[in-house]
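Chemist: Below: sequence and its predicted model.
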Amino acid sequence: MKITTPILLIGSLVLASCGSKKPVTNRVEGKAKKDVISFAPKVTGRILNIYVKEGQTVKRGDTLALLDVPEVSAKIAQAQGAVNAATAQEQMARNGATPDQLKQLQAKYKGLKEQYEFARKSYERATNMFNDSLMSPQAYDEIYARFQGAKAQYDAVIAELDDVKRGTRVEKVNMAAGQASQAKGALQEANVAYSERYVIATNDMEIETISLNPGELATAGFALFNGYIPGSTWFRFTVPESKISQYKKGQDVKMQVLYNNEELNGTIAYIKQLTRYADITTAFPDYQPQDAIYEIKVQPADPGKSKDLLVNASVLLK
């Protein structure tokens, strides 16, 4: 009896433990999520000031940070100079010649006309003398060449004077106007880039992290502020194929937040298959290796009640 008693006691303890074993609860755990958003500068610059703090909620249009972008300031000065030059060229093309330029051209015309008349008369006298054999062919050719040169200069100044009186050609005016528009566009682009030195919130946001500090270099497109959209809380659950038949899109469900035992109601927004085992986020996945895994997204029935939930908090789907 002394030998068998311990054996009986051990056997009874094993049976008692087996009898008291609780069945595995058929529960599905998930996580509370919020839509993520980030703000990044459009230009590269050194951070001068940061006007917000981590954990702060900002509104659309709030100024988050100020950058120092000296390169853009230099581009503005260059573009402004190009605009001034191109605008002056356009104005000059539209106005045509000035009164002083017209006087100079008229004086040039009179001088070349006198030279032409003198050369013409000399050529006529030389022709008569050459016909009477009173002038050598060489001397006659020289007088003829001077006459032709004077005539060419006279014709040129007549054409130049007519062009000035008619005004600048339309093509030249359009070309000057196009250059002025191009310069103004470059200036506008530089001004827009300069205004981007302010990082402005484009949406309401709960700031979670600020990536850089004042004095550091922020490159264009780098996410400087990261956080969540207020009131965007939703819930994510992963369910194996063996249990997915219990849930349908549009179905109303009940949930319980584990860290504060708060009861919530929600509606299934979608059900989609996950492609990898690593995507499973349920704390106690009840699945078989051959089962497909599905993600269930649940939207809360009362967004105001769930807006203050902690991100990635565990939630039980009942």
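Modeler: Noted; the coordinates are in hand. On a predicted model such as this, the values are computed, not experimentally measured, just so you know.
Chemist: got a list of what Val298 touches?
Modeler: Listed by Cβ atoms under 8 Å, 6 or more residues apart in numbering, the contact partners of Val298 are 30, 234-237, 253, 255, 266-269, 317. C-beta coordinates here come from the backbone N, C-alpha and C atoms, glycine included.
Chemist: pretty sure it is in a strand, no?
Modeler: Yes. Counting by DSSP: H, G, I helix; E, B strand; the rest coil, Val298 is part of a strand.
Chemist: what about Asn191, distance to Phe39?
Modeler: According to Cβ to Cβ, to the nearest Å, Asn191 and Phe39 sit 21 Å apart.
Chemist: about what we covered before: among the contacts of Val298, name the buried ones.
Modeler: 30, 234-237, 253, 255, 266, 268, 317 (16 or more other Cβ atoms under 10 Å).
Chemist: can I have the lengthiest strand in the chain written out in CSV, keeping just the CAs?
Modeler: In the chain, taking DSSP state E as the definition, the longest strand is strand 263-274. What follows is strand 263-274 as a C-alpha-only set of coordinates in CSV (Å, rounded to 0.1, in the frame of the first residue of the first chain):
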residue,chain,number,x,y,z
GLU,A,263,-17.2,47.8,-26.0
LEU,A,264,-17.5,49.1,-29.6
ASN,A,265,-19.8,48.4,-32.5
GLY,A,266,-18.7,48.3,-36.1
THR,A,267,-19.4,47.3,-39.7
ILE,A,268,-17.2,45.1,-41.9
ALA,A,269,-15.9,47.3,-44.7
TYR,A,270,-14.1,44.6,-46.7
ILE,A,271,-12.6,41.1,-46.6
LYS,A,272,-9.5,40.4,-48.7
GLN,A,273,-7.0,37.6,-48.9
LEU,A,274,-3.5,38.1,-47.6
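Chemist: re earlier: show me which of Asn191 and Phe39 is the more surrounded one.
Modeler: Phe39 (19 against 15; other Cβ atoms under 10 Å).
Chemist: Just list whatever residues bridge to that one.
Modeler: When bridges are called by DSSP bridges, Phe39 pairs up with Phe225.
Chemist: Now do the contacts for Gly61.
Modeler: Going by Cβ under 8 Å, 6+ apart, Gly61 touches 200-201.
Chemist: so where does it fall, helix or strand?
Modeler: Per DSSP states H and E: Gly61 is located in neither a helix nor a strand.
Chemist: Just name the closest of the buried ones among the contacts of Val298 to Lys75, please.
Modeler: Trp234 (44.5 Å; Cβ to Cβ).
Chemist: The closest one against Gly30, yeah?
Modeler: No. Using Cβ atoms under 8 Å, Trp234 is not in contact with Gly30; the gap is 10.0 Å.
Chemist: Distance check, the residue most central in space within the chain against Ser195.
Modeler: Residue closest to the average C-alpha location in the chain (Cα atoms, centre = their mean): Lys42, at 6.1 Å. According to Cβ to Cβ, Lys42 stands 10 Å off from Ser195.
Chemist: Contacts made by stretch 183-203 with the rest, please.
Modeler: 37, 39-43, 45, 58-69, 72-73, 75-76, 78-80, 82-83, 85-87, 224-225, 229.
Chemist: where along the stretch 1-150 of the chain do the strands fall?
Modeler: If you assign secondary structure with DSSP state E, counting those that start in this stretch, the strands in the stretch 1-150 of the chain sit at 28-33, 36-39, 45-50, 57-58, 63-68.
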